[in-house]
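Asker: I would like to see how this sequence folds:
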Amino acid sequence: MSVKRAKPGPRAEERRERLIAAGYRAMVRSGLEGARTRDIAAEAGITIATLHYYFPTKDDLVRAVLEHTIRQQMLAPLGLDTDWDDGLAALRTLVTGLMRHADAEPGHFRLLNEMIWASREDPALREMIAAWHTDWHATVAGWLRGGQEDGRVRADLDPEATATLIIYVVLGLVTRPPLPDGAEDRLGAELHRLLATVEE
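Answerer: Predicted coordinates for the structure are as follows:
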């Protein structure tokens, strides 16, 4: 028997967003395994049957929460649009902003880390994370190429490899390992110095 899906429309979209927000809060609070769909439905003020009308399985809800976590909880607060046309400024905002955000709201990043590990057994989740990573990598590499074109980023750097390095440094930093005192305040400036052309 096929599962009925919610019909598109403003009311359906409002309910869907309410369920995603409730799912996000529950997963931050209890983890992927601990978050129960019955509790998520109750928190959203919706019956469990209605939840399954919008998200037939918990995995469907997890995938929607992943996108919400990345776009709304991680990236939107950084205000990258302000610096988008200045790649070096955007990189500094990305690095320092994500570190501060991870310190203030560790639940976002703990949940993202859980989802990355869960994606090893969930092909659809893995595909979503791979697409996010590919887009992120292309954006950072584009910022670096733009900086090379205007002479502010070292010409001898490989933008693709450097973008990968930056992304994994950032992912490592937001897991909140112990850092030396004051290190967070210097990282943005040091990254800029390492990327920039040598001044005569």
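Asker: and the longest helix for the chain?
Answerer: Criterion DSSP state H: the longest helix present in the chain is helix 123-149.
Asker: average pLDDT for stretch 91-105?
Answerer: Mean pLDDT, stretch 91-105: 82.
Asker: just stretch 16-36 next, same as before
Answerer: Taken as a whole, stretch 16-36 carries a mean pLDDT of 92.
Asker: buried stuff in that stretch?
Answerer: Using 16 or more other C-beta atoms under 10 Å as the test for burial, stretch 16-36 gives Arg16, Leu19, Ile20, Ala21, Ala22, Gly23, Tyr24, Arg25, Ala26, Met27, Val28, Ala35. In short, each C-beta sits where N, CA and C put it, glycine included.
Asker: what does Val153 show for phi and psi?
Answerer: When read as degrees, to the nearest 10, the backbone of Val153 gives phi -120, psi 140.
Asker: just checking, which of the buried residues of stretch 16-36 belong to helices?
Answerer: Using DSSP H, Arg16, Leu19, Ile20, Ala21, Ala22, Gly23, Tyr24, Arg25, Ala26, Met27, Val28 are the members of the buried residues of stretch 16-36 that sit in helices.
Asker: ok, so of the buried residues of stretch 16-36, who is nearest Pro180?
Answerer: Nearest to Pro180 among the buried residues of stretch 16-36: Val28, at 28.5 Å, using C-beta to C-beta.
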